[in-house]
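1. need coordinates for the following:
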Amino acid sequence: MEETEKREHLERLWQKAVTVGLDGVEWASSLGFATIVREYNGIGPEWAGAALRGIATKHLALFEPAAVLHDLRNFKSDGTRYSFNYANYEFLVNCRRLADAAYSWWNWRRYRARAVAKVLYDFVSGPGGWKAWMDCHEKGKK
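-> Numbering: from 1, shown residues only. Modelled structure (predicted):
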């Protein structure tokens, strides 16, 4: 994705995050849009590679606004377990909020999306998520 296309895509994602009322939007706004564009790499950890993240992002597009905020939490990683848990719980809440905004309460897709949100939470909270968190922390110290 070229730079202009990425910026436009992120503007749409950011507007969705604001419209849905995702947690962390106000905090992340203080980082500036250039940082948001630079740090968002799609759904999945950096160590997974661009190709795998591209596939995950395509199939999990509903959750992209939450992933943007989660990437920014990783970018500001302080290396603590407390902040790691906070970032992941915020991600879960935001993914559920996106599922609820996308589908009415009587639509089975809402509950499928909420179940996927829990799987994503389990993934980011596991060893791979911790590695991504600490990788970002080490990168931030340089």
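
2. tell me the phi and psi of the residue of the chain most remote from its centre?
-> Distance from the C-alpha centroid of the chain peaks at Trp106, with 26.2 Å (CA atoms, centre = their mean). Phi and psi for Trp106, reported as degrees, to the nearest 10, are phi -90, psi 0.

3. remind me, longest helix of this structure?
-> Taking DSSP state H as the criterion, the chain has its longest helix at helix 81-102.

4. quickly find the element holding Thr4.
-> Here Thr4, judged by DSSP states H and E, is contained in helix 3-20.

5. not counting the longest helix of the chain itself, show me its contacts.
-> 16-17, 20-24, 62-63, 65-67, 69-70, 73-74, 77, 109-110, 113-114, 116-118, 120-121, 124-125, 129-130, 133 (CB atoms under 8 Å, 6 or more residues apart in numbering). Quick note: C-beta positions are derived from backbone N, CA and C, even for glycine.

6. at 6 Å instead, please
-> With contact meaning CB atoms under 6 Å, 6 or more residues apart in numbering, helix 81-102 is reached by 20, 22-24, 62-63, 66, 70, 73, 110, 113-114, 117, 121, 124-125, 133.

7. return a ChimeraX selection command for the buried portion of the residues you listed.
-> Buried members of the contacts of helix 81-102 can be picked out in ChimeraX with the line below, counting by 16 or more other CB atoms under 10 Å:
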select :20,22,23,24,62,63,66,70,73,110,113,114,117,121,124,125,133
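
8. kindly export the one helix or strand in the chain whose mean pLDDT sits lowest (C-alpha atoms) in PDB.
-> Ranked by mean pLDDT, DSSP states H and E, the helix or strand of the chain with the weakest confidence is helix 127-141, at a mean of 89. Output of helix 127-141 as PDB, limited to C-alpha atoms (Å, rounded to 0.1, in the frame of the first residue of the first chain):
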ATOM      1  CA  PRO A 127       3.400 -15.600  24.500                       C
ATOM      2  CA  GLY A 128       3.500 -14.100  21.000                       C
ATOM      3  CA  GLY A 129       1.800 -11.000  22.300                       C
ATOM      4  CA  TRP A 130       4.300 -10.700  25.100                       C
ATOM      5  CA  LYS A 131       7.100 -11.100  22.600                       C
ATOM      6  CA  ALA A 132       5.600  -8.300  20.500                       C
ATOM      7  CA  TRP A 133       5.200  -6.100  23.600                       C
ATOM      8  CA  MET A 134       8.800  -6.600  24.700                       C
ATOM      9  CA  ASP A 135      10.100  -6.200  21.100                       C
ATOM     10  CA  CYS A 136       8.400  -2.800  21.000                       C
ATOM     11  CA  HIS A 137       9.800  -1.900  24.400                       C
ATOM     12  CA  GLU A 138      13.300  -2.700  23.300                       C
ATOM     13  CA  LYS A 139      12.800  -0.800  20.100                       C
ATOM     14  CA  GLY A 140      11.600   2.200  22.000                       C
ATOM     15  CA  LYS A 141      14.700   2.300  24.200                       C
END
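
9. much appreciated, bye for now.
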